[in-house]
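*Asks:* I need the structure of the sequence given here:
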Amino acid sequence: MYRRRRSIFDIMREMEAEFEEEVESMLARLKELELSSRCLEPFYEFLEGPEEYVLRVDLPGADRGRLEIRASGRLLRIYAPCNYSVPYREGVRTCATCYRLEVELPGDASWEGARQRFREGVLELRIPRKVREYRIKIE
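*Replies:* Sure thing, here's the model as predicted:
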């Protein structure tokens, strides 16, 4: 009886399939955990400019007066209570009670002079960069 050896490509396809299954399982567990805590992670956009960082966070249905923004070190935490209906499975909806986001900023972000604006469900934070270089005048 002759047995064909598996090629490296067969082994790689099997490993890729196992990896994809594991990632799908992990994402499903994360979604269930997120929905069981009834907190959603909002969509956000992080832009780097020459003099500042800009973070835009979508918070539809959030109340401006109850929005919490906390910063410590390089970690930025945003918490916003809301009442939002979310599709969970086909024909099943669940209710989210808050948005929660944690973002780690680069080391040159400075909280001094940071500004925020909340308009039409979008939070925009402008965080200046620390001065990295000084020009020294020679006399």
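
*Asks:* Which residue ranges of the protein form helices?
*Replies:* For the chain, helices defined by DSSP state H occupy the ranges 8-37.

*Asks:* Residue ranges of each domain in the chain, please.
*Replies:* Domains of the chain are assigned by automatic domain parsing as 1-37, 39-139.

*Asks:* Any idea which of the ones you listed has the lowest pLDDT on average?
*Replies:* With a mean of 79, domain 1-37 has the lowest mean pLDDT of those.

*Asks:* how far is it from where the chain is centred?
*Replies:* 25 Å (Cα atoms, centre = their mean, to the nearest Å).

*Asks:* Could you find the closest non-adjacent residue to Glu51?
*Replies:* Ranked by Cβ to Cβ, 6 or more residues apart in numbering and with sequence neighbours excluded, the top spatial neighbour of Glu51 is Arg129, at 6.0 Å. Every C-beta, even on glycine, is put in place using the N, C-alpha and C of the backbone.

*Asks:* which ones are touching the one you found?
*Replies:* With contact set as Cβ atoms under 8 Å, 6 or more residues apart in numbering, Arg129 has these partners: 50-53, 108-110.

*Asks:* Next: Phe118.
*Replies:* Taking Cβ under 8 Å, 6+ apart, we find Phe118 in contact with 59, 64, 67, 124.

*Asks:* Sketch out the strands for this structure, chain order is fine.
*Replies:* Listed in chain order, the strands of the chain (DSSP state E) span 39-40, 44-48, 52-58, 68-72, 75-89, 92-104, 115-119, 122-128.

*Asks:* Format the ones you listed as CSV; extra columns: distance to Glu18.
*Replies:* Output for those, formatted as CSV (distance: least, Cβ to Cβ, whole Å):
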stretch, distance to Glu18
strand 39-40, 30
strand 44-48, 32
strand 52-58, 35
strand 68-72, 39
strand 75-89, 26
strand 92-104, 30
strand 115-119, 44
strand 122-128, 40
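
*Asks:* right, so of those, which gets closest to Phe9?
*Replies:* Shortest distance between Phe9 and the strands of the chain, using Cβ to Cβ, is found for strand 75-89: 36.6 Å.
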